[in-house]
Every structure is written in structure tokens, then in C-alpha cells.
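Enquirer: Fold the stuff below for me.
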Amino acid sequence: SWSYELLSVSQQHLLEDLSVFRGGATLDAIAATFGARSDDWEWLDDLDSLVGHSLIDRSETSSESRFVLLETIREFAAERLEDRGTTAAVSERHLAWFLELAERAAKNLKTVDQGIWLAVLDRERDNLRGAISWATRTGDTERASRLVLALWRYWHMRGPISEGAARARDVLRMEGLSDDDRLRALEAAGGLAWWAGDMNAASSHYLEALDLSRTVGNDESLANALYNAGLAMSFKSPGNGTGYLTEGLAIAEASGNTQAASQCRWGLSSVYQFEHDFDRAREELVIALAGFRSTGDVFMTNWTLRDLGSVEMVLNRLDDADDHLSAALRFFSSTGDVSGTLGLLRDRARLFAMHGDTDRALRLIGAADEHERKAGLDLGQFELEALGVEDPLVVTDEAAAERFKREGRSWSIDEAVAHALGSG
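Expert: Reported below is the predicted structural model:
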């Protein structure tokens, strides 16, 4: 309180406004939330003064400065902000800034810049949580639904999936949701359920989203909804998703939507895998791969490489499988995509088992089990069981197998990746 009283009024107001940030803020975010005009940077002097008074910590990286309030100071400043009666106005500006950031990031999470934007979202995770909480608490259904839609892939790539699923459920329970709001929240909830291996929930969310898309959507959103519903239904009950996927493919091709057409072909490849028609599955994947490459979707390009490798293992094309799985694993691990990396660790374990390298396979399974548990992922093992593919791993000594798995469970993800690529 003594330090606060020594500040000028403008310095006090800046300190109070900074209390809406969790985990710190960049200069651009502070400018937006403080309400400073783009041509008025006099507030920077106040910011320097707050740093000089040790009320704010400043850290520097090669790309940005970040300003952080200690929690006790933040709580004090938040009380003063409330007393001033401007908490709502500042929180609204905070929400607007981080919604724009989340939606910008979402557009890049499947591109070559995926790793850069995952790191940005990592740094702003607490601010994004605060933005979503404010939107849901104040009944802002549009911006709450836009946030969970923008962030669901971040949650699936980084985890924990349970956090994203809980946020999506919070939005779906909000009063006054428009059809568009609900459609956004359903897509987020469905995607997170799918990656968690909960096909009952995924198909329920996606089928409701499909019904809404037929009413309020255009060809692009309808093709996407048909793909989502078809994929989830195929995993839940093989064969039941074929109609949705073929309808989505027809709409996408008629409208020249290469991305949606590639997604539907990728989904149909799963159907053919369930039917154990692996040659046809591989044909669809090759076509889908070319489509994803042409649209610049590096996430689905590498996920398709992963599926090609999985199918090629069944077809005993082990050299091709090795090439495709290695390429996909290098990509997902380099960007920090946890779900993709762990799925590839399981695939590499299968490949090692097929070559008779049981010890290495068991270590990778142990690592995948441990990190999937932490992230709330269950798709990799669920997928193998759903396909009905025989597990090539044969264990004759349970005690030794447990030792190898325990060793894998002690590894970091990077250590497991090095082992999977033959350098560990």
C-alpha cells in the first residue's frame, strides 16, 4: 500500500490494469488492454517506473519483453481495479486481445509454423484461461464458443485434453447459445472426445453438429461436419460412417474444396482399414496425401504419412512403413505435438516388434503409456484395438517385459523419440 501511494495516478491505473493478466504479458497485449492509442506510448515511461519500483518483473527473450506481477501484488492491484469500477472494461479488452490471438494461432496450428504458435499459446495459457473464464462468467456465448473452437487443437496437441473438454462443456451449458455458438462448441467438444478415445461422446457431439450444419451451414461447413460425423461413427461402429463420408466427399469435390475432399478420403481410408481392405485404404491415403500437401496442411500431411506407415506394416511393406513413420515422428516431435508424437511411438513399437526387436518395442510402449496418461490421451491403443489388427508383440517373459516398460516410463518424450528413431 505504501509503494502504491507513492505512484502517480497514471502509474496506479496501469498497475491495476495489469492485474487482469495471468502469467505475464507482452507489450502489445498491455497496450491493447490498457487502452493506449497506437500513437501514444507515454505509458511506457509508467511501465518502466513500475519495473524500477520492483512492482513488476521484466524478462527478455530474443523476440519479446514480458512483464509479470508477483501474485500478491496482482491480487492487491485487482482489488484496486475493482474499487475503481473498471474491472469489466479492462477484462473485456483482455478478452478481445486473446480471442484474436487464439484465432490467429488456430489458423497456423496445421501449417509449417505449428511449433511457433504452440509455443506462443504455451506462454499465454493462463491468459487464455482467464479470457475463457470471463466470457463464460459474463454470458458472452459468441466469444466463449469462438475461444474453445480456436483452442481445441491446442489442447489436443499439448494436453491435458480433459481441460479442453471441461471448457467446451462449460460453453455448451451456457444459456442463450445461438445455433452458430453451439455449432462451434460442439465441434470443439467432438474433436477433444475423439482424441481422448471416447467415440460415444465424439459421435454424439458430431451428429448434433451435423444436424445444425444442415440448417445453418454452407457447403464448406457441411462437408466438414459430414467428415467429423463419418469418422467418429466409423470408429464407434465400423461401416456406419461410410454414408456420411461419401456424401461429404461428393459435396467437397463438387465445390472444389480440396481440403475437405482430402479429409473425407482420409476418413474413408479408416473405413477400409476396419474392413481389412488395406490395399484400398492405401490408395485413398495416397490421394489424400497429395491433397493435403497441395493445401499446405502439414499436420494432416504428416498424420497421413503416419497412417500410410500403419497400413504398410499390415501389408508387410516394412521399408516404406519405416520411411513414412520416421518422417511423421520427426515432424510431430519437432513441433511439440504430444498427441502425434505419442501415437508415432506406438507405431514405431509395432514396427520394432515386427522386426523381432521386442526390448525396444516394450520401452517405447512404456514411454507412450506414461505420457498418454499424463496428457489424457487414449486414441493410439483404442485405434489398434478398433481395427482388429493382430498385435505383433509377443511377450514370453512378463517380468523382463515389465522391466523394459518401466525403463520407458522413466523417459522424457525426447528420450523416447531418440530411441524410436534409432539414436537412443
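
Enquirer: Wait, residue 175 touches residue 144, no?
Expert: No - using C-beta atoms under 8 Å, residue 175 and residue 144 do not qualify as a contacting pair, with a distance of 11.6 Å. From N, CA and C alone the C-beta is placed, and that goes for glycine too.

Enquirer: Looking at the two, which one has more neighbours?
Expert: Using other C-beta atoms under 10 Å as the criterion, residue 175 and residue 144 rank with residue 144 on top: 30 against 6.

Enquirer: does the more buried one belong to a helix or a strand, and which?
Expert: Applying DSSP states H and E as the criterion places residue 144 in helix 141-158.

Enquirer: Report the distance from that helix to the chain centre.
Expert: 9 Å (C-alpha atoms, centre = their mean, to the nearest Å).

Enquirer: Quick one: name whatever helix or strand follows that helix.
Expert: Under the assignment DSSP H and E, the closest C-terminal helix or strand after helix 141-158 is helix 161-172.

Enquirer: In a helix, residue 66, correct?
Expert: No - Residue 66: not assigned to a helix; according to DSSP: H, G, I helix; E, B strand; the rest coil it is strand.

Enquirer: Any idea how many residues pack against it?
Expert: Residue 66 sits with 18 neighbouring residues when counted by other C-beta under 10 Å.

Enquirer: Could you report the pLDDT at it?
Expert: At residue 66, the predicted lDDT confidence score is 94.

Enquirer: That one pairs with what?
Expert: Beta-bridge pairing for residue 66 (DSSP bridges): residue 26, residue 59.

Enquirer: My understanding was that it contacts residue 24; is that so?
Expert: Yes - between residue 66 and residue 24 a contact is recorded at 4.7 Å, counting by C-beta under 8 Å.

Enquirer: Find the residues that touch each one of those two.
Expert: Listed as contacting both residue 66 and residue 24 by C-beta atoms under 8 Å, 6 or more residues apart in numbering are 59, 123.

Enquirer: Isn't residue 249 up against residue 257?
Expert: No - counting by C-beta under 8 Å, no contact exists between residue 249 and residue 257, whose distance comes to 10.0 Å.

Enquirer: Tell me which of those two has more neighbours.
Expert: Under the neighbour definition other C-beta under 10 Å, residue 249 and residue 257 were set side by side, and residue 249 has more, 24 against 21.

Enquirer: Tell me how far that one lies from residue 284.
Expert: Residue 249 is 10 Å from residue 284, where distance means C-beta to C-beta, to the nearest Å.

Enquirer: Need the overlap of contacts for the two.
Expert: By C-beta under 8 Å, 6+ apart, residue 249 and residue 284 have these common neighbours: 265, 268.

Enquirer: about what we covered before: now the helix holding residue 144: buried residues?
Expert: 141, 143-158 (16 or more other C-beta atoms under 10 Å).

Enquirer: go on, stretch 99-110?
Expert: By neighbour count with 16+ other C-beta under 10 Å, stretch 99-110 contains the buried residues 99, 101-102, 105-106, 109-110.

Enquirer: would you list these in a markdown table and tack on distance to residue 91, secondary structure and pLDDT?
Expert: Putting these into a markdown table (distance: C-beta to C-beta, whole Å; DSSP: H, G, I helix; E, B strand; the rest coil; pLDDT from 0 to 100) gives the following:
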| residue | distance to residue 91 | secondary structure | pLDDT |
| --- | --- | --- | --- |
| 99 | 12 | helix | 98 |
| 101 | 15 | helix | 98 |
| 102 | 16 | helix | 98 |
| 105 | 21 | helix | 97 |
| 106 | 22 | helix | 97 |
| 109 | 26 | coil | 94 |
| 110 | 31 | coil | 93 |
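
Enquirer: Show me which of these is closest to residue 326.
Expert: Lowest distance from residue 326 to the buried residues of stretch 99-110 (C-beta to C-beta) belongs to residue 110, with 20.7 Å.

Enquirer: Where does pLDDT dip in the stretch 1-150 of the chain?
Expert: With pLDDT under 70 as the threshold, the stretch 1-150 of the chain has low-confidence stretches at 36-40.

Enquirer: In terms of secondary structure, what does the helix or strand hosting residue 79 contact?
Expert: Secondary structure assigned from DSSP H and E places residue 79 in helix 71-84. With contacts defined as 3 or more C-beta pairs under 8 Å, 6 or more residues apart in numbering; DSSP states H and E, the secondary structure elements packing on helix 71-84 are helix 9-18, helix 87-106.

Enquirer: Would you mind finding the most buried of those?
Expert: Among those, the stretch with the highest mean neighbour count (mean count of other C-beta atoms under 10 Å) is helix 9-18, at a mean of 20.

Enquirer: Quick check: which helices or strands does that one pack against?
Expert: Helices and strands touching helix 9-18, as assessed by 3+ C-beta pairs under 8 Å, 6+ apart, comprise helix 27-34, helix 43-52, helix 71-84.

Enquirer: Dump the shortest one to CSV, keeping only the CA atoms.
Expert: Output of helix 27-34 as CSV, limited to C-alpha atoms (Å, rounded to 0.1, in the frame of the first residue of the first chain):
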residue,chain,number,x,y,z
LEU,A,27,4.0,-5.0,-24.6
ASP,A,28,1.4,-5.4,-27.4
ALA,A,29,-1.1,-7.1,-25.0
ILE,A,30,-0.5,-4.5,-22.4
ALA,A,31,-1.1,-1.7,-24.9
ALA,A,32,-4.4,-3.3,-26.0
THR,A,33,-5.7,-4.0,-22.5
PHE,A,34,-4.6,-0.6,-21.1
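
Enquirer: what comes into contact with that helix?
Expert: Contacts with helix 27-34, where a contact means C-beta under 8 Å, 6+ apart, come from 14, 17-18, 20-21, 25, 38, 41, 43-44, 47, 64-65, 67, 90, 93-94, 96-98, 127.

Enquirer: Distance of residue 105 relative to residue 307?
Expert: Following C-beta to C-beta, the distance that separates residue 105 from residue 307 is 26 Å.

Enquirer: just residue 13 next, same as before
Expert: Computed with C-beta to C-beta, the distance linking residue 13 and residue 307 is 55 Å.
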